[in-house]
Every structure is written in C-alpha cells, then in structure tokens.
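Engineer: Here you go, sequence then predicted model.
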Number of protein chains: 2
Amino acid sequence: MPRRVDHRERRELLADALMRLAATHGLQGVSLRQVAGEAGVSTGMVQHYFRTKDEMMTFALSMAGSRIRARSEAAAASGTPRELVRGVLLQILPLDDTRRLESHVGLAFLAYAAVKPAIREGLRADADELRGFIARQLRAAGAGNLDPDLAAIGLMALVDGLGMQLLSGQYAEQDAVAALDAQLALIFS
Amino acid sequence: MPRRVDHRERRELLADALMRLAATHGLQGVSLRQVAGEAGVSTGMVQHYFRTKDEMMTFALSMAGSRIRARSEAAAASGTPRELVRGVLLQILPLDDTRRLESHVGLAFLAYAAVKPAIREGLRADADELRGFIARQLRAAGAGNLDPDLAAIGLMALVDGLGMQLLSGQYAEQDAVAALDAQLALIFS
DNA sequence: ACGATGACAATACAGGTGCAATGTAAACTG
DNA sequence: CAGTTTACATTGCACCTGTATTGTCATCGT
C-alpha cells in the first residue's frame, strides 16, 4: 500500500489506540510501542505519522475534544434552555462505557496538562466554548437571579467534579445525576 | 547514624520530595532515583524505607490526606454552619502556593488512582469523611429544601471541579470563589 | 523507463527504570 | 568482647523508553 493513504484516518486509528491505553494505564504510562501494539502496527509506522510523542498526544487531545463537541452539539439540537443545558452536561458525565472511557482519557489529559503547558491551551479553549454556550442558555431563560457566567462556571465545575468522583467510585451514578438535577432545579428557580 | 532512626520522619521526608516532584512532573513520571535526588539521599535509602514504589505512593497519599484533614479541622474550629462549610471548602481550592501544590498532587493521585485501585480506596475514604461533615452541617442549619446528602455531594464536586479548572488556568481565582459563594447563597436559602 | 517520493519495517542506541544483591560500618544485646 | 541487627551505600541486572538511522518496496510524475 504505497502512496495514497489518508493521513487523518491513520492518525485517528493511532490516537484511538492511544486513548484506549490511556484509559487503563494513564497517559504518562503509555509508550509508542504500546500504541503500536494496540493498533496492530509497527512502531516505525507510528513514527511515520507522529514525528514525536508529544505530537501524538496533542493530536489525540484535539481529536477527543472535537468528538465530545460533536456529541454535545447533537444533544443540543432542540428543546428548552433547561433541557439543552441538561442534555449537554449529561454528555460529560461518565454514565456508559463510551463516556467512562472518555472521562478516563480526559482525566489523564488533565493530569498531563499539569505537566505540558501546550496541552493546557487546547483544554481551555474547549471548555471556554462550552461555558459560553451554557451561559447563553441561562441568559435566554432569564433564569433566577444569578449571574449567568458565574452559574455556567459553577455548572461546568459541578459536572467535572461529579465525573471525577464517579470515576473514582465514590458514589452511584444515579446520585451524580440527582445532584446535577438538584442544581438545575435550584438555578432555574 | 546507626540504629535509632524515626521511621515515620524519614518516610515523610521522602514523601515530601515525592510530592514536590509530582506537582511538576506528574506521579507516573516520578522515579525512585528522582525522589532520592530531590531528597538528597541515595536510592538505597529510599529502598530501605519503601520496599516497593507502590508502597511509597500509598504512603504519600495517606500523608497528603491527613495533612489536608488537619488543615480542614483547624478551619472548622468554630462558627455558624455556613461559615464552617465555607471555611472547609475553601481549604480545598488552590488559592495559594501551598494549596496549589497540594492540588497538583491531588490531581496526580486521582489520575494515578484510575490505574491503581488500591489508591482509589484511600481517596474515597477521605472524601466520604468530608462529605459526611458537610452534610451534617447542612442538616444542622436546616438549609433550604434540599436533601443535605445531595447538596454535600454537589458542593464537594463543585469545589473539586473549580480546583481542577483553576489549575488548568481556565479562569481567575476570584471567579472560583465567587462561584462557590453563589452556590452557598443558593443552598442556604 | 526511471529517478523521486511516500509508506512503511527493522534495527540500533543511549539512557532511564524498578528492583535485587551485596557491602560496610555503627550501635545495641548478650 | 562477640554477634546480631539496623541503616544505609554501591553496584548490577534485565528491561523498557523515545528517537535516529537505514532499508525496502510500490507507486507516481515525467
């Protein structure tokens, strides 16, 4: 298979393997050879598509980001502002295997971002976008007497925190959802 | 210096070095030799006090846990329930260098816990204790019409999330405090 | 037809890793 | 005073790490 190869496709194949490994071993514990093995290719091929390990990491992060964004946009297709916000935030919580894996990856990236500032930038941009959306919905609903920006920060932080604590098995999924719903009820007074 | 050495003291010395490194390099990126170097001792000494790397990690986690607990208890000395809750939760937010370091370490441990289930247990026990305290305070205040347990989960998750997002530089510290205060105002209706 | 190029594969390398084995010297126990 | 124990230090081992180098084809433009 010589010349014509879809670069994006190959890179996504490798990034998928990386994320599968990151979910169980953490990001820093993942090596190029492991990624190659998980993807069923040679380490030479990984090097061909990512000149360095960091390049692979940043690509994987941006890929994960756009996937979550796509799912959120699908969930935010229609409904009242309150339904929209709830739908989007529920996409972040690790309530099924897919999202549990994504959350593991997200946590691994967060820990990695604490070490690699370049990664941090990407994370922040994604989060800012989502926060903006939520704040706009709150404003549209004229919800309560809270500052929408503050409430959006709070909601995002709440869901992030719930997700983290769910991952470490601190309580049941239904408790997390109940806590989110209680908060939504509080905000949409 | 032959026989009499305070084991706990030595272990804390090493665990301190570990946490300093974890804050900047992540937990998984820390090696025995690095810890030894940071502590200014030989790798043989590290091995003498921790037979394995995992043993060192779990000890460091329990140490960090008891330190945060001590600081929280000091902050919860007296006051109205609302003041108590605010004081304790503020101790978790990374608002100065000490707590920023602790938060980095906490995040590193969280990511590490996703890989090592033994670590997960310790984290959960610490969090459960704090959640119980908060729930008790809410009940004592007869706050609002919320389920105190649910509200406690929400508050802890909120603060954890705020802390994480502060670490990744997503907004200013004052915004995080404002978000927490807004939530407290909402709960203590 | 033929270099050039893209898509890999294989291997080599210098360095780091956790851990085990061994050595050494000082203090306590008898 | 002998012997055991404690507290380290040194060294070695097998393995894994990221990356550079080199090789091998198949295809494309000309």
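Structural biologist: Yep, that arrived.

Engineer: Determine the set of other helices and strands touching the top helix by length along chain A.
Structural biologist: When chain A is parsed with DSSP state H, its longest helix is helix A:117-141. Contact here means 3 or more Cβ pairs under 8 Å, 6 or more residues apart in numbering or on different chains; DSSP states H and E; on that basis helix A:117-141 packs against helix A:53-75, helix A:81-92, helix A:97-113, helix A:148-167. Using the backbone N, CA and C atoms, a C-beta is placed for each residue, glycine as well.

Engineer: nearest to DNA strand D, of those?
Structural biologist: helix A:53-75 (3.5 Å; Cβ to the nearest atom of the strand).

Engineer: thought residue A:81 was touching residue A:138?
Structural biologist: Yes - using Cβ atoms under 8 Å, residue A:81 is in contact with residue A:138, at 7.0 Å.

Engineer: which of the two has more neighbours?
Structural biologist: Shown here are residue A:81 and residue A:138; by other Cβ atoms under 10 Å in any protein chain shown, residue A:138 has more neighbours (24 against 17).

Engineer: Spit out the contact partners of that one.
Structural biologist: A:81, A:85, A:146, A:148, A:151-152, A:187 (Cβ atoms under 8 Å, 6 or more residues apart in numbering or on different chains).

Engineer: let's see 10 Å
Structural biologist: A:81-82, A:85, A:144, A:146-152, A:155, A:187-188 (Cβ atoms under 10 Å, 6 or more residues apart in numbering or on different chains).

Engineer: What subset of those residues is buried?
Structural biologist: A:81-82, A:85, A:146-152, A:155, A:187-188 (16 or more other Cβ atoms under 10 Å in any protein chain shown).

Engineer: Near the one residue in chain A that gets nearest to DNA strand C, how many residues? Count them for me, please.
Structural biologist: The minimum distance from chain A to DNA strand C, using Cβ to the nearest atom of the strand, falls at residue A:44 (2.6 Å). By other Cβ under 10 Å, the residues close to residue A:44 number 8.

Engineer: Can you work out which residues contact both of residue A:81 and residue A:138?
Structural biologist: In contact with both residue A:81 and residue A:138: residue A:188, using Cβ under 10 Å, 6+ apart.

Engineer: Also within reach of DNA strand C: list those from the buried ones among the contacts of residue A:138.
Structural biologist: When Cβ under 7 Å from any atom of the strand is applied, no member of the buried ones among the contacts of residue A:138 is adjacent to DNA strand C.

Engineer: want to throw the residues you listed into CSV with pLDDT?
Structural biologist: Shown next, in CSV, are the buried ones among the contacts of residue A:138 (pLDDT from 0 to 100):
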residue, pLDDT
A:81, 93
A:82, 94
A:85, 95
A:146, 87
A:147, 94
A:148, 95
A:149, 95
A:150, 96
A:151, 96
A:152, 97
A:155, 98
A:187, 94
A:188, 91
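
Engineer: ok, so of those residues, who is nearest chain B?
Structural biologist: residue A:150 (5.2 Å; Cβ to the nearest Cβ).

Engineer: buried stuff in stretch A:36-44?
Structural biologist: A:36, A:38-39, A:41.

Engineer: Go through the residues you listed and say which is closest to residue B:101.
Structural biologist: residue A:38 (34.2 Å; Cβ to Cβ).

Engineer: show me what contacts the closest one?
Structural biologist: Contact analysis of residue A:38 by Cβ under 10 Å, 6+ apart lists A:14, A:16-21, A:30.

Engineer: Recalculate using a threshold of 8 Å.
Structural biologist: Residue A:38 neighbours (Cβ under 8 Å, 6+ apart): A:17-18, A:20-21.

Engineer: Going by secondary structure, it is in what exactly?
Structural biologist: Residue A:38 belongs to helix A:32-39 when assigned by DSSP states H and E.

Engineer: Outside of the helix or strand following that helix itself, list whatever touches it.
Structural biologist: As assigned by DSSP H and E, the chain's next helix or strand after helix A:32-39 is helix A:43-49. In this structure, residues lying in contact with helix A:43-49 by Cβ under 8 Å, 6+ apart are A:7, A:10-11, A:14, A:32-33, A:35-36, A:39, A:56.

Engineer: I only care about the residues you listed that end up buried; give me the ChimeraX line for that.
Structural biologist: The ChimeraX command for the buried members of the contacts of helix A:43-49 (criterion: 16+ other Cβ under 10 Å) is given here:
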select /A:10,11,14,32,35,36,39,56
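
Engineer: Quick check: buried residues in stretch A:96-103?
Structural biologist: A:99-103.

Engineer: could I get those as a markdown table with distance to residue B:128?
Structural biologist: Below are those laid out as a markdown table (distance: Cβ to Cβ, whole Å):
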| residue | distance to residue B:128 |
| --- | --- |
| A:99 | 24 |
| A:100 | 21 |
| A:101 | 26 |
| A:102 | 26 |
| A:103 | 21 |
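
Engineer: Closest one of those residues to residue B:95?
Structural biologist: residue A:103 (26.2 Å).

Engineer: which non-adjacent residue is nearest the closest one?
Structural biologist: residue A:94 (3.9 Å; Cβ to Cβ, 6 or more residues apart in numbering or on different chains).
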